[in-house]
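Student: Just to be clear, the model below is a prediction. Sequence and coordinates:
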Amino acid sequence: MEAHILEPGARFRGTAAAVATLGLAITLQAHAVPVVTSASGSEAASIQSAVDAFRTSLGTLNPNVADTFVNGGRREINWDGVPDSFSSPNPFPPTFFNSDSPRGVLVTTPGTSLEVSASAASGTPVRFGNVNPSYPTLFTTFSGEKLFTALGSNVVDVFFLAAGTASTGTVSGFGAVFTDVDLPNVSSMEFFDFDDKSLGVFSVPAGSGDGSLSFLGVAFSTERAHRVRIVAGDTALSAGSTGDVVALDDFIYGEPIPPNFLPAIPEPSTTVLMALGLAAIAARWGTRRVLHPSARDRQRRVLPQQPVGALT
């Protein structure tokens, strides 16, 4: 029976496994799993605890003034401070929450316009009743009386800026309240980092019945978001829409901070890079097998061995 041994390089197999595990741990630390907070129900109380927990995770609420990013904390938008001149049936200006009320947000849509629902005192039907008479029954509010939507599209892009400035900002997390989410895995939020690389798509939990409320909040420990794309239902609000129409209420998000004010993410150390290199070498050499010397000798015997002195 042939005897087999491993070359000396194979003794690094355990080391390779350990170093590979180290490399995996480093990767996981650099790309930590985000914390998702979500809830849905028939009334505001159904999601209140989830909203409060998300608020606490982001920090103290900051005042609606510019240049407070050095304090960390969070910002909120509940739409009720938007004046009637910028509410239904009038379009909502995308820069309102960075210029008029500095909160570090720019909102856009690939649709035709943005709109904030009217107040009861304005005389315009509330909760987008001016768009479709059935909407005040379908939609409810989490706070105050106003809601937010895009028109001509069910998509809204939320960009972050250092509040009151034109400087790009990034946030540690973002959450939003949705109303009348009927279908699961349809409404969603997708997060993008400073380089516009996707950080993941997260589904909004469906509610039950007309006037339901849903909340979705996503917080990151290492990554930061520069943009959030919100998909609200599967069709845009309109006079004749028949699909899953969804409106938006409160936005809750970490204080937008310019990237140059963030602590640098450390590069992998030289020791780690060398260890990962050794792991690759060990993985290659550790799997090679060779024959025992006695076995090699037998493979070299092409002719039968003759007794000494048998040759003439």
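Tutor: In hand now; what should we look at? Fair warning: this is a prediction, and the values are worked out from it, not measured in the lab.
Student: Dump the helix or strand hosting A53 to PDB, restricted to CA.
Tutor: Here A53, judged by DSSP states H and E, is contained in helix 44-58. Presented in PDB, the C-alpha positions along helix 44-58 are these (Å, rounded to 0.1, in the frame of the first residue of the first chain):
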ATOM      1  CA  ALA A  44     -50.800  55.800  14.800                       C
ATOM      2  CA  ALA A  45     -50.500  54.000  18.100                       C
ATOM      3  CA  SER A  46     -49.700  50.800  16.200                       C
ATOM      4  CA  ILE A  47     -46.300  52.200  14.900                       C
ATOM      5  CA  GLN A  48     -45.500  54.700  17.700                       C
ATOM      6  CA  SER A  49     -43.100  52.500  19.600                       C
ATOM      7  CA  ALA A  50     -41.200  51.600  16.500                       C
ATOM      8  CA  VAL A  51     -40.900  55.300  15.500                       C
ATOM      9  CA  ASP A  52     -39.700  56.300  18.900                       C
ATOM     10  CA  ALA A  53     -37.100  53.500  19.000                       C
ATOM     11  CA  PHE A  54     -35.800  54.700  15.700                       C
ATOM     12  CA  ARG A  55     -35.700  58.300  16.900                       C
ATOM     13  CA  THR A  56     -33.700  57.200  19.900                       C
ATOM     14  CA  SER A  57     -31.200  55.300  17.800                       C
ATOM     15  CA  LEU A  58     -30.400  58.400  15.800                       C
END
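Student: going forward can the numbers begin at 566, since that is how I track them
Tutor: New numbering, starting at 566: the last item is helix 609-623.
Student: neighbouring contacts of whichever helix or strand comes after it?
Tutor: Once helix 609-623 ends, the next helix or strand along the chain (criterion: DSSP H and E) is strand 639-642. Outside of strand 639-642, the residues within contact range by Cβ atoms under 8 Å, 6 or more residues apart in numbering are 620, 623-627, 629, 662, 668-670, 728, 815-821. Quick note: C-beta positions are derived from backbone N, CA and C, even for glycine.
Student: now do stretch 703-715
Tutor: 608-609, 612, 616, 643-645, 647, 652, 657, 674, 676, 678-685, 691-693, 721, 742, 744-745, 775-778, 780, 797, 801-802, 810, 812-815.
Student: what's the span of it from first residue to last?
Tutor: By Cα to Cα, to the nearest Å, the extent of stretch 703-715 from end to end equals 16 Å.
Student: So for that stretch, what gets flagged as buried?
Tutor: L703, F704, T705, T706, F707, K711, L712, F713, T714, A715 (16 or more other Cβ atoms under 10 Å).
Student: Go through those and flag which are in strands.
Tutor: Assignment to strands by DSSP state E places the following of the buried residues of stretch 703-715 there: F713, T714, A715.
Student: Any chance of a markdown table for those, columns pLDDT?
Tutor: Formatted as a markdown table, these follow (pLDDT from 0 to 100):
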| residue | pLDDT |
| --- | --- |
| F713 | 98 |
| T714 | 98 |
| A715 | 98 |
